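> Provided below are the primary sequence and the corresponding predicted coordinates.
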Amino acid sequence: MKMFFLGLLLALSLGGCETMENANKKTKMDFDLKLYGHEVRWGEIEALPSYLKPDMIEEQPQVAEQPGNIRVTEYEVLVSPHMIGEEKNKAAQTVRINYIFRDRQVVRSLIDKQKWEYDAEAKKWYRANPIPVFK
């Protein structure tokens, strides 16, 4: 009987570690995605490629021809961030970004379907799909 309870306790503690690990990933995901959204909202769009997976940075087209000429007026989360897959190492979120060109007062909008991947070694979420271009 004593071995049964020890086995049960071990199983529960291992399951708890996995749950705690997923909770930590989710907390980190929420933080990283909010930080990314903050960069977009406050016009730091030239910094966005730094959120990409390192092997994708060189392939990313320039986010805007004149980043300083763009003012984001709204960053609206359409589909809340959620983890995907059994290992919870991938996430997705969809946002609408409304912006204007300062010199022309032209209003634009884009839908950004973001895909994110967790790097367990770096303990960081990286964007895993290209950043849309502000045209």
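Cool, the structure landed.

> please spell out which residues along the helix or strand where Arg71 lies are buried.
Assessed by DSSP states H and E, Arg71 sits inside strand 70-84. Across strand 70-84, burial judged by 16 or more other CB atoms under 10 Å covers Ile70, Val72, Tyr75, Pro81, Met83. C-beta: built from backbone N, CA, C; applies to glycine.

> what count of nearby residues applies to the closest residue to Val77 other than its chain neighbours?
Once flanking residues are discounted, Val77 sits nearest to Val95: 5.3 Å by CB to CB, 6 or more residues apart in numbering. By other CB atoms under 10 Å, 21 other residues sit near Val95.

> where does the protein dip in pLDDT?
1-18 (pLDDT under 70).

> I'd like to know how far the spatially most central residue of it sits from Thr94.
Of all residues in the chain, the one closest to the mean position by CA atoms, centre = their mean is Leu33, 4.0 Å from it. With distances taken as CB to CB, to the nearest Å, Leu33 is found 12 Å from Thr94.
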